[in-house]
Each structure stands twice: as C-alpha cells, then as structure tokens.
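Trainee: Need the 3D shape of this:
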Amino acid sequence: MAAEPIIEARAIEKSYPQPDGTRTQVIGLTDFVIEPGKIIAVLGASGCGKSTLLRILSGLSQPTSGALFWHGKPMNGQVPNVAIVFQSFALFPWLTVLENVEAPLEARSVPVVERRKHALRTLDTVGLDGFETAYPKELSGGMKQRVGFARALVVEPEVLFMDEPFSALDVLTAENLRGELLELWLNKKMPTSAIFIVTHNIEEAVVMADRIVILGRNPARIRSDIKVRLTHPRDRKSPKFVELVDYIYKVMIEPDVEHAPPDAESTGEIVLPAGRLRKGQPPVRTSKYQILPHARVGGIAGLLELLQDRGGREDLFRLSEDLVMDVEDLLPILEACQVLGFARLKEGDVQLTEAGEEFAKADIQTRKVLFRKAALQNVMILKQIDSVLKRKSDHAIGDDFFRDILGEHFSGDEVERQFETALNWGRYAEIFDYDRESGRIIQTEASQTDIVPSENVPENHTPDSAPKA
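Mentor: Next up, the predicted model:
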C-alpha cells in the first residue's frame with residue numbers, strides 16, 4: 001500500500017482579482033502530494049509558478065481555493081514541520097556561522113545548551129566543523145549554501161523545501177554540493193522524510209529525484225508526473241538516463257506534442273493528470289494574447305549562427321550540453337526563434353527554416369531587414385506599435401498606451417518583461433526608436449515605408465491624437 005502523504009493539496013488554485021470582476025489565474029486547479037521517502041523535483045519554464053507552488057505547499061502562502069492537509073488533517077493555519085533553503089544564501093551577515101544555524105532554534109525558544117548542541121552536530125553533518133566562528137563574508141558561495149542547508153536541517157524538518165538551491169553557485173561547486181546532499185539523503189544522515197526541490201536543471205532533477213513533476217504555464221498546471229525508477233548512483237552517460245533527459249526536454253520544449261514516453265520498467269512511469277472543472281467559482285481569465293519569450297536579439301542571432309555551423313539541425317540535449325546552458329536559459333531563445341519563424345522543433349531537434357538560414361548567413365544590415373520582416377509578420381505587439389505609429393501624424397506615441405494593452409492580459413511584472421522584450425526586438429529591427437526619459441516611442445524612417453494591416457490595432461485602443469476614420 002502507498003504511504004500516507006505528508007502534505008496533500010486538493011484542487012488548490014491561485015488567482016488574483018481584476019478590476020472587471022474576473023480573476024487572473026497563476027496556478028490552475030491542481031492536486032499534489034508529497035510522500036515520505038521521496039525526493040520530488042519540479043521543473044518548468046521561468047515564471048511558470050514553480051516557486052508559488054512551493055510557497056503554498058510549505059504554508060508560506062495560502063491558495064485562493066482548495067485545501068491543504070498535513071498528515072491527513074486540514075492545515076488551517078497550523079505551522080507544518082518544514083524548512084526552506086533559498087536560492088540566495090540569506091544569511092545574517094552580523095552573525096557567525098554557528099549563530100546563523102542557531103537562529104531558527106532560538107526563534108523556537110530552544111534552551112541555549114540544547115540549541116548549541118544541535119547546531120554543532122548539524123554543522124559537522126554538512127562538513128562545516130571548524131568554521132563555527134567565521135562570518136558569512138569569510139566564506140565561499142558553496143560554504144554559504146552549506147550554512148543554509150545546516151540552518152534548515154537543524155530544526156529536523158519532516159519536509160525540506162529547496163528553491164533552486166544550486167543556481168547561484170558555479171558549476172563545479174554546485175555539482176559537489178549536490179552530490180554531498182544526495183549522499184546524506186541516501187545514507188539517511190539527515191532528519192528529513194521528504195525533499196521538494198524547485199529546479200531549472202533537467203539533469204539535476206534526473207540525477208536526484210524519485211519523482212519529477214513538469215509544470216506548464218499560464219496558468220501553472222501539471223503537464224507530466226514522472227516516477228523515476230533509475231537506481232542510485234545514476235550514470236549520466238547511461239542510455240536510460242539520456243533517454244529520460246531527452247524525453248523531458250521534448251515535453252518542455254514542445255508542450256502541445258504527444259511524445260512517446262521512455263521504457264516504464266527501467267526508466268520511469270509517466271503519469272498524465274486529468275484536467276479538473278471549476279464549479280461555483282468566479283470566472284477565471286487566462287491570457288490568449290501572444291506571450292513573447294524573454295530572449296534578446298544577441299542570443300537569438302548566436303543560436304541561429306551555431307545551428308548554421310552545424311548543418312542547420314541539432315539535438316536539443318547535445319546543444320544544451322555544448323552551450324553549458326540549463327533548459328530554462330535555452331528555452332526562451334528557442335521559443336523566440338520559433339515565434340519569428342527562424343527555427344522549428346521536430347522530434348527533439350531544433351532545425352533552421354529557410355528564413356533562419358538566410359538570417360544566419362546575412363550581414364549586419366540585412367539581418368535587421370530580415371528581423372523586421374519576421375517581427376512584423378509574427379509578433380502581435382510589434383504589429384500594433386508599428387500600425388499605430390503609421391496612423392499618428394507625428395509618428396510618435398507614449399509607452400503607456402501599449403503598457404495598457406499588455407496590462408489587460410498580464411500581471412504587472414509580466415507587463416514590464418513583455419514590454420522590455422518588445423523594445424529590444426523593435427529597436428534592433430529599426431521598427432521604432434524609444435526615448436526612455438520621455439517615454440515616447442518614435443517610428444523610424446526604415447519602418448515608415450513598411451505596410452502593415454490596420455486591423456492589428458485593438459478596436460478599443462485608439463490613441464487620442466490618432467487620426468479618426
């Protein structure tokens with residue numbers, strides 16, 4: 001029989017109210033369990049809601065609807081026995097290593113002698129004995145994160161939550177610390193029943209986790225739930241390891257395509273959760289507006305050049321390895337190439353299109369022309385900006401107009417990210433110039449001759465100074 005979950009989330013959902021009475025959904029209706037004896041890794045694109053899910057499951061944030069249970073009993077405000085390791089080291093700089101580790105015990109009013117004993121034992125467990133009196137400024141990044149682990153483990157949490165704990169470290173330090181943590185877990189040297197780790201590193205997830213959950217976005221939903229059956233220690237070069245990593249890449253890069261799962265007996269069982277229907281809830285709005293991947297032109301051009309050098313096609317896994325890039329860093333660039341029509345994904349490979357090949361071979365000025373053509377054909381917000389500027393008698397308009405358009409579809413932070421990406425693309429393509437001080441977008445001479453259909457401008461967004469029909 002399956003073990004009773006430590007934490008169970010039933011139909012949780014997170015959304016935020018909008019002025020028109022609807023709600024913008026961040027996390028869609030989701031069921032989730034954290035089981036004892038498991039390392040659970042959560043993967044997903046940047047901004048998809050991984051950290052929000054962590055905060056809800058750990059009790060730091062409340063869901064908008066749904067219920068949370070701790071050992072089968074409603075959480076209802078009770079503080080679960082959990083601890084969190086953050087991406088940033090978050091140490092108190094005025095405290096020594098020992099005092100930093102003692103801090104959570106002091107907050108729980110543990111007597112001085114007892115907390116000192118617990119802290120020293122935990123520091124020894126994570127390999128920091130001898131550094132008790134050092135201050136954070138004297139430590140390397142890896143040692144600072146060890147202090148973070150010790151501070152989390154000293155309270156003997158039943159569930160250890162980790163939010164991208166290795167991403168601030170260099171590659172070698174991260175690999176070393178990851179291996180040490182896994183050794184403590186496998187040898188049962190840490191007082192923890194389950195680990196929940198948010199990561200953007202696919203290999204890290206496959207190396208460590210017993211279960212890998214892949215989240216979609218807008219809103220966040222479980223797209224795939226993989227029970228990994230590979231035995232520890234895991235060989236990164238083994239065919240089964242590579243097969244699973246490749247499968248996860250495909251699921252994350254091509255969310256709308258059904259991919260054949262790897263062999264369940266030796267690799268892992270793939271669970272595709274069924275959707276849920278909302279009943280008796282306020283209407284939830286999810287954006288149907290085009291979402292621009294947050295990639296800059298330099299990264300797009302560099303990737304296209306690399307693909308051209310490799311014959312126009314490359315395996316995603318090999319590409320990520322060669323570039324020493326995590327999927328979270330590579331994914332937006334790949335998505336941008338697809339949005340612009342410069343590349344397409346096929347069977348886990350990225351392949352140049354004719355337009356992408358032409359761009360990769362072109363000189364600097366020709367690239368700008370090709371990018372402008374692709375952007376005005378494929379990118380909605382750039383079509384809208386170009387069309388409005390053509391209609392204006394002075395070919396200029398304030399940026400608030402387009403921030404308002406984006407604000408109807410995205411949260412405040414995402415509005416800024418979308419706008420900055422559009423600025424980067426539009427200025428490179430010479431569709432417009434931008435005066436950040438005045439907040440004015442001005443059409444360039446190069447773009448004034450381009451013809452873009454007027455229907456690309458929303459009917460309910462006509463600038464005051466625009467000529468009326």
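Trainee: if you skip the residues just before and after it, what's nearest to residue 421?
Mentor: Excluding the flanking residues, the one nearest residue 421 by CB to CB, 6 or more residues apart in numbering is residue 292, at 4.7 Å. Placement of C-beta: from N, CA and C, glycine included.
Trainee: quick check: domain ranges of this structure?
Mentor: 7-271, 297-360, 364-456 (automatic domain parsing).
Trainee: neighbouring contacts of the host helix or strand of residue 41?
Mentor: Residue 41 is part of strand 38-43, with elements assigned from DSSP states H and E. With CB atoms under 8 Å, 6 or more residues apart in numbering as the test, strand 38-43 has contacts from 34, 50, 53-54, 185, 194-200, 202, 204-205, 208-215, 248, 252, 327.
Trainee: rewinding a little: take the domains of the chain and lay them out in a markdown table including mean pLDDT and mean neighbour count.
Mentor: As requested, these are exported to a markdown table (pLDDT from 0 to 100; neighbours: other CB atoms under 10 Å):
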| stretch | mean pLDDT | mean neighbour count |
| --- | --- | --- |
| domain 7-271 | 85 | 18 |
| domain 297-360 | 85 | 18 |
| domain 364-456 | 84 | 17 |
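Trainee: Run the chain-centre distance for stretch 398-405.
Mentor: Between the centre of stretch 398-405 and the centre of its host chain there is 26 Å, according to CA atoms, centre = their mean, to the nearest Å.
Trainee: how about the helices of the stretch 201-350 of the chain, start to end?
Mentor: Assigned by DSSP state H, counting those that start in this stretch, the stretch 201-350 of the chain shows helices spanning 202-208, 239-253, 297-309, 316-323, 327-339.
Trainee: how far is stretch 332-351 from where the chain is centred?
Mentor: Stretch 332-351 sits 19 Å away from the centroid of its parent chain (CA atoms, centre = their mean).
Trainee: I misspoke; the intended subject was stretch 188-206.
Mentor: Averaging C-alpha positions (CA atoms, centre = their mean) puts stretch 188-206 17 Å from its chain's average.
Trainee: same deal with stretch 145-160?
Mentor: Here stretch 145-160 is found 24 Å from its chain centre; the criterion is CA atoms, centre = their mean.
Trainee: show me where the stretch 101-250 of the chain has strands.
Mentor: Ranges of strands within the stretch 101-250 of the chain are 159-163, 194-198, 211-215, 222-228, based on DSSP state E, counting those that start in this stretch.
Trainee: May I ask which helix or strand encompasses residue 52?
Mentor: Taking DSSP H and E as the criterion, residue 52 maps to helix 50-58.
Trainee: Tell me which other helices or strands that helix touches.
Mentor: strand 7-17, strand 23-34, strand 38-43, strand 82-85, strand 159-163, strand 194-198 (3 or more CB pairs under 8 Å, 6 or more residues apart in numbering; DSSP states H and E).
Trainee: Name the residues that touch it?
Mentor: Applying CB under 8 Å, 6+ apart, the contact partners of helix 50-58 are 7, 9, 12, 14, 26-27, 30, 32, 34, 42-44, 61-63, 68, 80, 82, 84, 159, 161, 163, 196, 198, 215, 220.
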